[in-house]
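Here's my sequence, what's the structure:
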Amino acid sequence: MRRDVFQGIADPTRREILNMISQQPLNVNAVAGQFDTSRTAIYKHIKILTECGLIVVKQQGRERFCEARLQKLGEVSDWIEQYRQFWNIRLDSLENYLNQLQTKKKKNAKRKRAR
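Numbering: from 1, shown residues only. Here you go, the predicted model:
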């Protein structure tokens, strides 16, 4: 099954695993030891992250280390950017509208005082 980066970051445990190994590669058991869930559950999360291309597991002697491959998060950033542009345009329009209303209120207040 081909997984995408969005599936990888969809779960809070996987996001925490990514956060942990983004600082430095960690032994699989060290990662699993940081959670109150079973090692089997953490191994499944690691497998999903590997399938998504967000981590790679390397064998070093008898141990397996997880290393982050965060370049794939660029896909998330690109996807979000289209919505950021959408909302920036909308919010800029709202700001302009509110500024126009405020200017009208000031003009009306000045006219009332001038009378």
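
Which strands and helices lie in contact with the helix ranked longest in the chain?
Identified as the longest helix of the chain according to DSSP state H is helix 74-114. If you count contacts as 3 or more C-beta pairs under 8 Å, 6 or more residues apart in numbering; DSSP states H and E, helix 74-114 packs onto helix 5-9. Where C-beta positions appear, they are placed from N, C-alpha and C, glycine not excepted.

pLDDT (mean, whole number) over the helix it packs on?
Averaged over helix 5-9, pLDDT sits at 93.

so how far is the next helix-or-strand element following that helix off the chain centroid?
Per DSSP states H and E, the first helix or strand lying C-terminal to helix 5-9 is helix 12-23. Centroid displacement of helix 12-23 relative to its chain, using C-alpha atoms, centre = their mean, to the nearest Å, is 11 Å.

Show me which residues of helix 12-23 are buried.
For helix 12-23, the neighbour count (16 or more other C-beta atoms under 10 Å) marks 14, 17-18, 20-21 as buried.

Go ahead and name everything in contact with that helix.
For helix 12-23, the surrounding residues in contact (C-beta atoms under 8 Å, 6 or more residues apart in numbering) are 8-9, 26, 31, 34-35, 37, 41-42, 45-46, 48-49, 54-55, 66-68, 70.

try 6 Å
8-9, 31, 45, 49, 66, 68 (C-beta atoms under 6 Å, 6 or more residues apart in numbering).

what's the farthest-apart pair in those?
Ile9 and Val31 (16.3 Å; C-beta to C-beta).

So for those two, which residue has more residues nearby?
Val31 (23 against 17; other C-beta atoms under 10 Å).

After the strand or helix carrying that one, which helix or strand is next?
Element membership for Val31, per DSSP H and E: helix 28-32. Scanning forward in sequence from helix 28-32 by DSSP H and E, the next helix or strand is helix 39-51.

Give me the buried positions along that next one.
Buried residues in helix 39-51 (16+ other C-beta under 10 Å): 42, 45-46, 48-50.
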